[in-house]
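>>> below is the structure, and that's it, no one-letter string:
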Ligand code: FAD
């Protein structure tokens, strides 16, 4: 199923993101994460590509197949292109089609110092390639605070528009911690003529270790309100977990009230995080649907 249709049926689409486990990605481990997530009935589940880990035996496409066939939930397969040849991508697309995987998040990927040869420069090149291949619904990434490589938010929106025009039917955002950044971005995107649904990416901060990683993600601001929580509850795992869930819940409540098309939750393979957030917001999602 084309997940773009969800945005016509629901006021607020709610989805999860998982990654292939780094080392032990046996079917048992993967299903240990997916089973409780599936029980929360998200609208779809996306699976990262090359990002959270690649060493395990089950890869992105295998996990997408399990999500679809075992749990009856629509998967969104992430796919990067920066180090790929067109022939490799075509072969991969043939495999996805054979597996009945209909939705692809088309990404460039992060640059490395010694990149492999590639036929693609930007995500929009991959979008055009998939569109010409045919038969897939294509999603794109966007950055409420601007992509870290781009010299200006205006230029970033200009580039984003080119990506959407190449064939993207909805956008999933980078994580952010200040909803005003998202609302401001959405307004600028609409003013530029980008009219596809934009889903807000939310990552609850529940572990000390996450914080350094997020600071390393250039361009993602940590508001004072969140810094205070980290300063107070860092090193106290249970307190930080509760505070991080409360912060993310408040962000989502505000996003739904502000008319966000959807919320994409970075669950970090933690069903306990997904469960707490889903329980906190399920009536808000229902109000979104009924309106
Ligand atoms: P692009 O859309 O190509 O943009 C990259 C940069 O190029 C931007 O600065 C943009 O303004 C600029 N640009 C775009 N088009 C043009 C043009 N025509 N001319 C000049 N400049 C241009 N990474 C992974 O490795 N695996 C994942 O699974 C993964 N999942 C992600 C999921 C989401 C929701 C997000 C937001 C990011 C994800 N990433 C993932 C990270 C992503 O690969 C990086 O952020 C990467 O640096 C940019 O990818 P992109 O697809 O947004 O690139």
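Yep, that arrived. Everything numeric here is computed off the predicted structure, so don't read it as measured data.

>>> and the worst-scoring helix or strand of the chain on mean pLDDT, which residues are buried?
None of the helices or strands of the chain scores lower by mean pLDDT, DSSP states H and E than helix 208-216, at a mean of 78. Across helix 208-216, burial judged by 16 or more other C-beta atoms under 10 Å covers 210, 211. C-betas here are computed from N, CA, C, even on glycine.

>>> got a list of contacts for that helix?
Contacts to helix 208-216, defined as C-beta atoms under 8 Å, 6 or more residues apart in numbering, come from residues 175, 203, 205, 220, 222, 230, 234, 235, 237, 240, 268.

>>> contact residues of this structure facing the ligand?
The chain comes close to the ligand at residues 48-51, 78, 80, 107-110, 122-124, 141, 147, 149-150, 156, 159, 162-163, 172, 174, 201, as judged by C-beta under 6 Å from any ligand atom.

>>> and those residues, which of them are in strands?
Among these, the members falling in strands are 78, 80, 107, 141, 172, 174, 201 (criterion: DSSP state E).

>>> do you know the pLDDT at the first one?
Each residue has a pLDDT score; the one for residue 78 is 97.

>>> returning to what we had before: quick check: mean pLDDT of whatever helix or strand comes next after the least confident helix or strand of the chain?
Using DSSP states H and E, the helix or strand that follows helix 208-216 in sequence is helix 224-233. Averaging pLDDT along helix 224-233 yields 94.

>>> do the same with stretch 192-200
98.

>>> neighbours of residue 115, how many?
11 (other C-beta atoms under 10 Å).

>>> now the strands: where do they sit in this structure?
Under DSSP E, the chain gives strands at 13-18, 44-47, 74-80, 103-107, 137-142, 170-175, 198-202, 262-266.

>>> other SSEs contacting the third one?
Under the contact criterion of 3 or more C-beta pairs under 8 Å, 6 or more residues apart in numbering; DSSP states H and E, the helices and strands touching strand 74-80 comprise strand 44-47, helix 60-69, helix 86-99, strand 103-107.

>>> how many neighbours does residue 196 have?
16.

>>> now it. Nearest residue, chain neighbours left out?
residue 170 (5.1 Å; C-beta to C-beta, 6 or more residues apart in numbering).

>>> hmm, back to that, now the helices and strands packed on strand 74-80 in JSON lines, please, with extra columns for mean neighbour count and distance to residue 4.
Below are the helices and strands packed on strand 74-80 laid out as JSON lines (neighbours: other C-beta atoms under 10 Å; distance: least, C-beta to C-beta, whole Å):
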{"stretch": "strand 44-47", "mean neighbour count": "25", "distance to residue 4": "11"}
{"stretch": "helix 60-69", "mean neighbour count": "20", "distance to residue 4": "17"}
{"stretch": "helix 86-99", "mean neighbour count": "14", "distance to residue 4": "17"}
{"stretch": "strand 103-107", "mean neighbour count": "24", "distance to residue 4": "8"}
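
>>> with mean pLDDT as new columns, can the ones you listed be given to me in CSV?
Formatted as CSV, those follow (pLDDT from 0 to 100):
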stretch, mean pLDDT
strand 44-47, 98
helix 60-69, 96
helix 86-99, 96
strand 103-107, 98
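
>>> how about the ones you listed, which one is nearest residue 133?
helix 86-99 (5.2 Å; C-beta to C-beta).

>>> just checking, what packs against the closest one?
helix 60-69, strand 74-80, helix 123-133.
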